[in-house]
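Novice: coords below, sequence missing:
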């Protein structure tokens, strides 16, 4: 009985163990099934994520392509507009040249008339002087003859009679002669006084006439000088109109074209925080004279900079995955920008450089005194900065030329990327904004324009920023400038 009981317990234990193992096996199989389902779900999620990423990439690519096409159409429209403006400017130049020729002809005619009038007056004065002298000579001769006749009469009257005169008669004759002589002397003095008075009057008249001639001559010279000033002013205006806004580009040694440049007119402008909405380093507001120079129409793009690095063997800057081509180059230091303009100068034979801080603000303001070239508010879709409402605002750089140009024809002077200048930074203006800093100077460099990540206050025309010359990030690019230009390049 004990044996049977033990066998029953053993069998029960074996059955229990068998059931436990089967349960564990079933639980393991269920766990494996769950893991397989989880792996399948993860694979499905990964596929969905990849699909979403592809869709997002497609969505990002489509606006960029659309923006690029819009930019191309805008450029074509601008080219047509520029051509029309060029034709209009040429017609205006012809009209102004005709006016200048007319002014010069009038000036020459006035000079001829003044010379003719002067010659006629000179001949008339000489004739009058000759007649006056002849009349005086005739009068003097007549007077001399009259005196001779009177003297002969006196001598005849005083001649001694045939009879021997007495003492009393001689005394009378002596008195009469003395009286005659006194009268003649008095008459001579009166005539001399009259003659002196006449001479004095003639001298005064001559002096008045000379003064009148001098005044007339000065007036004529002033009129001629005024006409010359008007002609010169018209000529300078023609030159300035011919250069201002003119677009050109140089050719590299391989025959390809480099950056489009725009001539900025010479002039005086107010530099600094005119609207009193900025920072302390934008003071004092002061007037600055800037000579005519050329400025890059756009910031330097990746396409332009990549050509430089491919030729020189330098490392290509990172585009942060936003795209290259016509986007502004980023992640470049001040030394990288200097190396680019030096290479461009060698390629074109021109003296390219970075703009000074004063040149940059003059070009960005384009004759305005507001915070932005269009006004004091950051209007929607006018620039790429934080809060401006564009598809790139606060996210990344935008393709160059995506917004309207300023009145000088420059694009992207508000936001998009900070732009290196050739000037040394100082916290108050004292003249360094007008000059180019040396390459070896260890001081901070000025950057201008603001960037896609900055608020509207930091993208104003007067806003300043500074950084080290070897700093570089995805907020900084640059734009080129040129002081003088030879006739080697083709004007577009």
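Specialist: Nice, thanks for sending it over. Note that this is a predicted model, so its numbers are computed, not measured. Numbers count the residues shown, from 1 in each chain.

Novice: quick one: the helices in the stretch 351-492 of the chain?
Specialist: Ranges of helices in the stretch 351-492 of the chain, per DSSP state H, counting those that start in this stretch, are 357-365.

Novice: any stretches of it with poor pLDDT?
Specialist: 485-492 (pLDDT under 70).

Novice: now the strands for it?
Specialist: Here the stretch 351-492 of the chain has its strands, by DSSP state E, counting those that start in this stretch, at 352-353, 418-424, 445-448, 464-467, 476-478, 481-482, 490-491.

Novice: can I get the ones you listed in CSV with distance to residue 177 and mean neighbour count?
Specialist: Using the backbone N, CA and C atoms, a C-beta is placed for each residue, glycine as well. CSV is the format used below for those (distance: least, CB to CB, whole Å; neighbours: other CB atoms under 10 Å):
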stretch, distance to residue 177, mean neighbour count
strand 352-353, 106, 22
strand 418-424, 105, 25
strand 445-448, 109, 25
strand 464-467, 109, 20
strand 476-478, 114, 28
strand 481-482, 104, 23
strand 490-491, 104, 11
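
Novice: which stretch among the ones you listed comes nearest residue 321?
Specialist: strand 476-478 (16.7 Å; CB to CB).

Novice: can you tell me, leaving aside adjacent residues, what's nearest to residue 455?
Specialist: Beyond its immediate neighbours in the sequence, the residue positioned closest to residue 455 (CB to CB, 6 or more residues apart in numbering) is residue 386, lying 5.0 Å away.

Novice: hang on, that neighbour packs against residue 395?
Specialist: No - at 9.6 Å, residue 386 and residue 395 do not qualify as touching, with contact defined as CB atoms under 8 Å.

Novice: ok so, going back, so can I have TSV of the strands of the stretch 351-492 of the chain showing distance to residue 52?
Specialist: Output for those, formatted as TSV (distance: least, CB to CB, whole Å):
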stretch	distance to residue 52
strand 352-353	46
strand 418-424	34
strand 445-448	38
strand 464-467	38
strand 476-478	32
strand 481-482	45
strand 490-491	49
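
Novice: identify whichever of the ones you listed lies nearest to residue 368.
Specialist: strand 445-448 (15.7 Å).

Novice: got a list of contacts for the closest one?
Specialist: Residues from elsewhere that reach strand 445-448, judged by CB atoms under 8 Å, 6 or more residues apart in numbering: 334, 357, 360-361, 364, 418-421, 423-425, 433, 437, 463-469, 476.

Novice: what about the nearest residue to residue 400 once chain neighbours are set aside, neighbour count?
Specialist: Of all residues not flanking residue 400 in the chain, residue 298 sits nearest, at 4.1 Å (CB to CB, 6+ apart). The local packing of residue 298 (other CB atoms under 10 Å) involves 20 other residues.

Novice: ok, residue 460 next?
Specialist: The burial count for residue 460: 24, using other CB under 10 Å.

Novice: from residue 298, how far off is it?
Specialist: Distance, residue 460 to residue 298, by CB to CB, to the nearest Å: 20 Å.

Novice: where does the prediction get shaky in the protein?
Specialist: In the chain, residues with pLDDT under 70: 148-166, 231-245, 485-492.

Novice: tell me where it has helices.
Specialist: Secondary structure of the chain by DSSP state H: the helices cover 2-157, 167-243, 302-312, 334-348, 357-365.

Novice: tell me the most buried of those helices?
Specialist: Most buried of the helices of the chain, by mean neighbour count (mean count of other CB atoms under 10 Å): helix 357-365, with a mean of 25.

Novice: if anything else comes up later, I'll come back, but that's it for now.
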